[in-house]
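Q: build the 3D model from these lines:
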Amino acid sequence: MAQIENHEIKVLDKGIHCAGCEARIQSVLLKLPGVQEVKANYKTQNVLLQLDPQKLTVQAVKEKLKDLGYSTE
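A: Just a heads-up that it's a prediction; the model follows:
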């Protein structure tokens, strides 16, 4: 059975501006193999996610966010 991990990624520079940004982040990240759940929040500038670390690393998620134009810690 897969070990699912919870992670919180902080987006810098108030990059998540609105609900549209939240939806875009959630849509793109949910397509990545190993991502179980994603919740982006423009008020807190956080992306909460559940992932299978055997399929995907947190660093790979941060790289995808960077590709979308979001800087992270």
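Q: quick check: pLDDT value at Ala2.
A: For Ala2, the model assigns a pLDDT of 68.
Q: flag every buried residue along the longest helix seen in the chain.
A: Assignment by DSSP state H gives helix 19-30 as the longest helix of the chain. Buried residues in helix 19-30, defined by neighbour count with 16 or more other CB atoms under 10 Å: 21-22, 24-26, 29. Any C-beta I mention is one placed from the backbone N, CA and C, and that applies to glycine too.
Q: for stretch 33-46, same thing?
A: Buried residues in stretch 33-46, counted by 16+ other CB under 10 Å: 34-35, 38, 40, 42, 45.
Q: likewise stretch 60-67?
A: 61-62, 64-65.
Q: got any ranges where the chain has weak pLDDT?
A: For the chain, the stretches flagged by pLDDT under 70 are 1-2.
Q: can you show me the helices along it?
A: Under the criterion DSSP H, the chain contains helices at 19-30, 58-67.
Q: now tabulate the buried residues of stretch 60-67 in JSON lines and tack on distance to His7.
A: Compiled in JSON lines, these are given as follows (distance: CB to CB, whole Å):
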{"residue": "Val61", "distance to His7": "8"}
{"residue": "Lys62", "distance to His7": "10"}
{"residue": "Lys64", "distance to His7": "13"}
{"residue": "Leu65", "distance to His7": "12"}
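Q: can I assume Lys10 is in contact with Leu48?
A: No: if you go by CB atoms under 8 Å, Lys10 and Leu48 don't touch, sitting 10.6 Å apart.
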